[in-house]
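Student: Okay, predicted coordinates and the sequence, questions at the end:
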Amino acid sequence: MKPELIHQIDPLRAAVAGRRARGLTIGLVPTMGALHAGHGRLIELARRECGAVVVSIFVNPIQFNQAEDFERYPRTLQADLDYCGRLGVDLVFAPDEREMYPGPLRTFVNIEHLTDHLCGAFRPGHFRGVATVVTKLFMIVQPDRAYFGRKDAQQLAVIRRMVADLNIPVEIVAVPTVREPDGLALSSRNARLSAEEREAATVLYRGLEAARQAWARGLRDADQLKQIAREIFATRSEVRIEYLEVVDAEMQPVAMVSGPALLAVAAWVGTTRLIDNMPLEP
Ligand code: PAF
């Protein structure tokens, strides 16, 4: 079945209200399109858990800190619709920029502290843009549940905190990272990699996984864990590390791992920026 494609807020609200009136719970999967099996996992879970599934597709300009990255972001609406149809999505909400931002925006959602490190330090304004658009999507769709991937671990932490701090009545569901057979985390940006870069990018997973194994054997010193990953990253000259950090649940760097932690990396592979992470938890 083809999902219903809706470009505007009012008809989307009406379509959701109709389903809610029939007693269906509403699941939202917010995306920027260029859907892949990672999104597929979010949609499948939403399909199992909710009476109606809404996928939003919007390449959100205010979360890009480089105009070029925004322009180069893949846009594949027709293929995305087919994919959503195969996964039994009910509604696809694909607004244009004017619908989401009709005039200059004067209201932003800013999450402090959790955004000081990792991507927050290297992409100024990024999480403000994410939190603002996700808040707008929550207000537009008013879902019971919303689904986010663990690959964007800092984004997930930021959204969970925002929902708690602002008492937004939505349950956030976190879904594990989906990987290629060689370990590369699925990302819409992988499509930009050349064959050589694609192969080189596998050091990210291998480095993180080697450090995770050392952690599982009892190593708790963050510098030593990072050194293990770094040695593997360094085997490919195409890969330039932007950051590599061990952080706690509040996304703060730690020197020793003493509770739930995350080993997180961002790297440039050629002109493509990739992120990945490995939870360090039992
Ligand atoms: O993870 C993404 O694709 C985006 O950051 C999101 C959550 C859809 C907001 O634009």
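Tutor: Great, that's in hand.
Student: For the closest residue to the ligand within the stretch 151-282 of the chain, give me its contacts.
Tutor: Residue of the stretch 151-282 of the chain nearest the ligand, by C-beta to the nearest ligand atom: residue 152 (5.2 Å). The C-beta positions use only the backbone N, C-alpha and C, and glycine is treated the same way. Contact analysis of residue 152 by C-beta atoms under 8 Å, 6 or more residues apart in numbering lists residue 275.
Student: again, but for residue 8
Tutor: Taking C-beta under 8 Å, 6+ apart, one finds 95, 99 in contact with residue 8.
Student: Just give the closest residue to residue 179, not the sequence neighbours.
Tutor: residue 185 (5.5 Å; C-beta to C-beta, 6 or more residues apart in numbering).
Student: Determine the number of other residues adjacent to that neighbour.
Tutor: 21 (other C-beta atoms under 10 Å).
Student: show me where the stretch 1-150 of the chain has helices.
Tutor: 9-21, 37-49, 67-72, 77-86, 97-100, 119-122, 126-141 (DSSP state H, counting those that start in this stretch).
Student: Any residues of the stretch 51-200 of the chain in contact with the ligand? List them.
Tutor: 60, 63, 130, 133, 134, 152, 155 (C-beta under 6 Å from any ligand atom).
Student: Would you agree the second one is in contact with residue 129?
Tutor: Going back to what we said before, that points to residue 63. Yes: using C-beta atoms under 8 Å, residue 63 is in contact with residue 129, at 3.1 Å.
Student: Name whatever forms a beta bridge with residue 221.
Tutor: In this entry, residue 221 is beta-bridged to residue 256, by DSSP bridges.
Student: So it is in contact with residue 261, correct?
Tutor: No: between residue 221 and residue 261 there is no contact under C-beta under 8 Å: 12.0 Å.
Student: Neighbour count: those two, which is higher?
Tutor: residue 261 (23 against 14).
Student: What are the phi and psi values at the residue nearest to that one when sequence neighbours are not counted?
Tutor: Leaving aside its chain neighbours, residue 261 sits nearest to residue 280 (4.4 Å; criterion: C-beta to C-beta, 6+ apart). The phi/psi pair for residue 280 (degrees, to the nearest 10) reads phi -110, psi 80.
Student: what's residue 280 in contact with, if anything?
Tutor: By C-beta under 8 Å, 6+ apart, the neighbours of residue 280 are 212, 215, 225, 246, 257, 260, 261, 262, 263.
Student: Farthest pair within the residues you listed?
Tutor: 225 and 260 (14.6 Å; C-beta to C-beta).
Student: From residue 63, how far off is the residue nearest to the spatial centre of the chain?
Tutor: Ranked by distance to the mean C-alpha position of the chain (C-alpha atoms, centre = their mean), the top residue is residue 152 at 3.9 Å. Using C-beta to C-beta, to the nearest Å, residue 152 is found at 11 Å from residue 63.
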